[in-house]
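Peer 1: With the input below, show me the fold.
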Amino acid sequence: MVKLTAQAPGTPWPVRLGERLTAFGNLSLALLLALLTGRLMELSGVLMTTEVPRDVGMVIVAALRSDLLLFLELLVFLLPLFLAFRMILRGKNADVRVYGGLGSLVLIGAAALSSYFLLSRVPLGSDLFGYSLSDILTTARGGYHFSALSVATLLLPLAVFWVALRIFNRHPVLNARAALLLLGVAVTLAVSGVASLPARGALRSEFASNVAANKAAFFIADAFAHLGPSHPVTGRPPDTFAQFRYLDPQYPFLRGEDTHDVLGEYFNFEPGAPPPNIVFLGVEGLGRAFSGPGAYLGSFTPFLDELAGKSLYFENFLSSQGRTFASLPSILGSLPFGDQGFNSFGSRMPKSLTLLSILKRSGYRTRFFCGTRLDFDHQGDFLEQQDIDLMVGIGDYDASYYRLPGSDWGYADKEILRKALLTERDDSGRPYVDYVQTISTHPRYAVPGQEEYLRLFEDRMRELHFSEAEKANHRQYREIYSTIL
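Peer 2: Model (predicted):
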């Protein structure tokens with residue numbers, strides 16, 4: 001055992017540096033214990049609220065490897081900061097105060113990323129950079145709520161960290177040589193580029209890989225990939241290249257219009273009949289896991305399933321946007337993603353033709369209904385560019401409409417649809433195209449009259465002939481399924 005002592009005035013700088021490196025190495029053990037404590041809380045949260053991955057042993061091994069590699073990589077980042085602040089801050093327990101401040105910031109960030117994963121079941125990555133600060137605050141107020149698990153995920157690692165800091169400061173276990181060896185290993189791994197995330201396909205499922213991945217390591221890697229230099233994709237032209245009749249080499253994407261009508265035969269139009277009204281219903285978070293034929297969790301959208309049987313139904317579809325609020329340019333215009341999503345251009349969006357603008361020129365009245373902020377994710381900017389006739393958002397509802405309980409997102413789906421139907425009744429002279437965007441299937445998964453939907457959830461499980469084990473697993477997410485119904 002070695003003893004960390006205060007440095008006497010006039011101590012040669014090599015000696016001071018060696019002592020500070022030794023102190024850094026010993027105090028880093030406290031950070032390792034705290035990170036492992038945070039991982040234990042995260043895994044406990046997964047096991048309590050999710051079906052355990054079948055390869056749980058491999059998941060735990062991969063998780064420990066990911067955590068250890070991230071810890072070593074963090075040392076390379078924290079060391080220069082520790083030395084720099086240590087030159088400024090002096091006095092009793094200066095090592096503990098400096099390392100404690102830096103380590104606490106690391107642990108708070110790690111706890112936030114773990115809590116996000118426990119809520120969403122996907123790790124947070126570079127998609128964070130697609131949100132403005134206002135959007136982030138709206139999302140946090142509208143969807144996040146503190147639970148005992150989320151509080152413990154933050155406070156327990158911090159408590160372990162500060163207790164261990166004082167223990168390792170008073171009773172260090174690494175001598176100078178061992179501390180330098182630890183730092184040497186950290187630098188070597190950082191330079192060699194050893195991946196701290198599980199290899200793709202190493203575990204049985206994407207969810208298992210997400211559980212095993214250190215959430216801070218995932219965020220850092222994804223952020224670097226997003227913020228780093230782009231690498232243009234090269235390769236042979238697509239097979240459709242030869243089918244196009246290009247008009248001018250100065251405009252390489254300009255081609256003759258020869259689009260074939262491949263959908264018209266599927267619709268029943270009577271000659272001379274007035275133009276039909278068109279309604280788009282954009283459902284937040286709707287997915288194949290719990291909706292439609294072959295839903296592996298069972299389908300909890302019986303009405304949509306029945307409607308699909310009488311409709312032009314696409315079993316597979318390409319998503320060109322990353323989240324629901326960015327779906328407008330994708331669904332209505334097949335517009336490219338851009339750097340961070342088409343809507344991220346805001347008022348600088350390139351002018352474009354979409355179904356809204358084309359139908360308006362054909363005599364339609366165009367309208368958009370939602371229960372949230374229209375400025376969220378620049379939805380309003382996009383709709384204004386399309387010269388939409390009417391936009392209804394969170395500020396357009398009176399006291400007779402019900403907001404989502406305990407959430408700042410806005411109004412419940414039932415209220416949004418009621419608003420759309422009443423508006424239709426007031427304006428029935430022209431054909432219209434309406435776009436109704438829902439929000440209730442979103443954290444916190446609470447809606448007015450939820451008890452009725454929880455009863456329907458139980459009825460639906462009986463209709464699907466679930467076993468008792470399947471029912472027990474689904475009841476862990478009863479609030480989510482109730483909002484889907």
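
Peer 1: What is the burial count for residue 389?
Peer 2: Residues within reach of residue 389, counting by other C-beta atoms under 10 Å, total 17. Where C-beta positions appear, they are placed from N, C-alpha and C, glycine not excepted.

Peer 1: Could you measure from it over to residue 369?
Peer 2: When C-beta to C-beta, to the nearest Å is applied, the distance between residue 389 and residue 369 equals 12 Å.

Peer 1: and if you look at residue 48?
Peer 2: Taken as C-beta to C-beta, the span from residue 48 to residue 369 is 38 Å.

Peer 1: And residue 409, by the same measure?
Peer 2: From residue 409 over to residue 369 (counting by C-beta to C-beta), the distance is 15 Å.

Peer 1: now the helices for the stretch 201-350 of the chain?
Peer 2: Listed from the start of the chain, the stretch 201-350 of the chain has helices (DSSP state H, counting those that start in this stretch) covering 206-212, 215-227, 302-308, 327-333.

Peer 1: Tell me which helix or strand comes right after the last one.
Peer 2: Sequence order places helix 355-361 as the next helix or strand after helix 327-333, per DSSP states H and E.

Peer 1: Residue ranges of each domain in the chain, please.
Peer 2: Domains of the chain are assigned by automatic domain parsing as 13-227, 244-484.

Peer 1: Of the ones you listed, which stretch is the most buried?
Peer 2: domain 13-227 (a mean of 17; mean count of other C-beta atoms under 10 Å).

Peer 1: what is the mean pLDDT for that domain?
Peer 2: pLDDT averaged over domain 13-227 equals 82, rounded to a whole number.

Peer 1: what angle separates the helix ranked longest in the chain from helix 215-227?
Peer 2: Of all segments of type helix in the chain, defined using DSSP state H, the longest is helix 13-49. With axes from the mean of the first three to the mean of the last three C-alpha atoms, to 10 degrees applied, the angle from helix 13-49 to helix 215-227 works out at 100 degrees.

Peer 1: packing partners for helix 13-49?
Peer 2: helix 56-88, helix 94-120, helix 148-170, helix 176-192 (3 or more C-beta pairs under 8 Å, 6 or more residues apart in numbering; DSSP states H and E).

Peer 1: How far away from the center of its chain is that helix?
Peer 2: Centre-to-centre, helix 13-49 and its host chain are 27 Å apart (C-alpha atoms, centre = their mean, to the nearest Å).

Peer 1: would TSV of the helices and strands packed on helix 13-49 with distance to residue 469 be doable?
Peer 2: As requested, the helices and strands packed on helix 13-49 are arranged in TSV below (distance: least, C-beta to C-beta, whole Å):
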stretch	distance to residue 469
helix 56-88	17
helix 94-120	23
helix 148-170	24
helix 176-192	43
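
Peer 1: Compare these and report which one is nearest to residue 483.
Peer 2: Within the helices and strands packed on helix 13-49, the stretch nearest residue 483 is helix 94-120; the backing value is 14.7 Å (C-beta to C-beta).

Peer 1: got any ranges where the stretch 251-400 of the chain has weak pLDDT?
Peer 2: Within the stretch 251-400 of the chain, the stretches with pLDDT under 70 are 319-326, 338-341, 343-344, 346.

Peer 1: Let me see the ranges of the strands in it.
Peer 2: According to DSSP state E, counting those that start in this stretch, the stretch 251-400 of the chain carries its strands in the segments 278-282, 365-369, 390-392.

Peer 1: Let's have the ones you listed in a markdown table, adding distance to residue 220.
Peer 2: As requested, those are exported to a markdown table (distance: least, C-beta to C-beta, whole Å):
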| stretch | distance to residue 220 |
| --- | --- |
| strand 278-282 | 33 |
| strand 365-369 | 38 |
| strand 390-392 | 39 |
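
Peer 1: show me the contacts for residue 85.
Peer 2: Counting by C-beta atoms under 8 Å, 6 or more residues apart in numbering, residue 85 makes contact with 98, 101, 102.

Peer 1: Please identify which of the helices and strands packed on helix 13-49 is closest to residue 352.
Peer 2: Closest among the helices and strands packed on helix 13-49, once you apply C-beta to C-beta, is helix 94-120, at 30.8 Å.

Peer 1: Is it possible to get JSON lines of the helices of the stretch 201-350 of the chain that adds distance to residue 122?
Peer 2: Supplementary listing: the helices of the stretch 201-350 of the chain in JSON lines, determined by distance: least, C-beta to C-beta, whole Å:
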{"stretch": "helix 206-212", "distance to residue 122": "6"}
{"stretch": "helix 215-227", "distance to residue 122": "10"}
{"stretch": "helix 302-308", "distance to residue 122": "24"}
{"stretch": "helix 327-333", "distance to residue 122": "18"}
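
Peer 1: Can you check which of the ones you listed gets nearest to residue 156?
Peer 2: Checked against C-beta to C-beta, the stretch from the helices of the stretch 201-350 of the chain lying closest is helix 215-227, at 16.3 Å.

Peer 1: any residues touching the closest one, and which ones?
Peer 2: Contacts to helix 215-227, defined as C-beta under 8 Å, 6+ apart, come from residues 42, 66, 69-70, 73, 106, 109-110, 113-114, 116-117, 123-126, 128-129, 195-197, 210.

Peer 1: Equivalent analysis for stretch 397-416, please.
Peer 2: Counting by C-beta under 8 Å, 6+ apart, residues outside stretch 397-416 touching it are 138, 141-143, 145, 369-373, 393-394, 418-419, 436-442, 444, 446-448, 450.

Peer 1: Which helix or strand contains residue 435?
Peer 2: When elements are assigned from DSSP H and E, residue 435 belongs to strand 432-437.

Peer 1: just the angle between that strand and strand 278-282, please?
Peer 2: When the same axes, to 10 degrees is applied, the directions of strand 432-437 and strand 278-282 differ by 10 degrees.

Peer 1: Now do strand 432-437 against strand 365-369, angle only.
Peer 2: Computed by the same axes, to 10 degrees, the angle between strand 432-437 and strand 365-369 is 10 degrees.

Peer 1: next structured bit after strand 432-437?
Peer 2: With secondary structure assigned by DSSP H and E, strand 432-437 is succeeded by helix 450-463.

Peer 1: The helix or strand just after that next one packs against which elements?
Peer 2: As assigned by DSSP H and E, the chain's next helix or strand after helix 450-463 is helix 468-475. Using 3+ C-beta pairs under 8 Å, 6+ apart as the contact definition, the elements that helix 468-475 packs against are helix 450-463.

Peer 1: Go ahead and produce CSV holding the CA coordinates of the helix it packs on.
Peer 2: Output in CSV follows, covering the C-alpha atoms of helix 450-463 (Å, rounded to 0.1, in the frame of the first residue of the first chain):
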residue,chain,number,x,y,z
GLN,A,450,-57.2,5.5,-19.6
GLU,A,451,-59.0,2.9,-17.4
GLU,A,452,-61.3,2.1,-20.3
TYR,A,453,-58.4,1.5,-22.6
LEU,A,454,-56.6,-0.7,-20.0
ARG,A,455,-59.8,-2.8,-20.0
LEU,A,456,-59.7,-3.0,-23.8
PHE,A,457,-56.1,-4.1,-23.5
GLU,A,458,-57.1,-7.0,-21.3
ASP,A,459,-59.9,-7.9,-23.7
ARG,A,460,-57.5,-7.7,-26.7
MET,A,461,-55.1,-10.1,-25.0
ARG,A,462,-57.9,-12.6,-24.6
GLU,A,463,-58.9,-12.2,-28.2
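
Peer 1: picking up where we left off before, what lines up beside the strand holding residue 435 in the sheet?
Peer 2: If you go by DSSP bridges, strand 432-437 pairs up with strand 278-282 (parallel), strand 365-369 (parallel).

Peer 1: and it, what's its mean pLDDT?
Peer 2: What strand 432-437 shows for mean pLDDT is 92.
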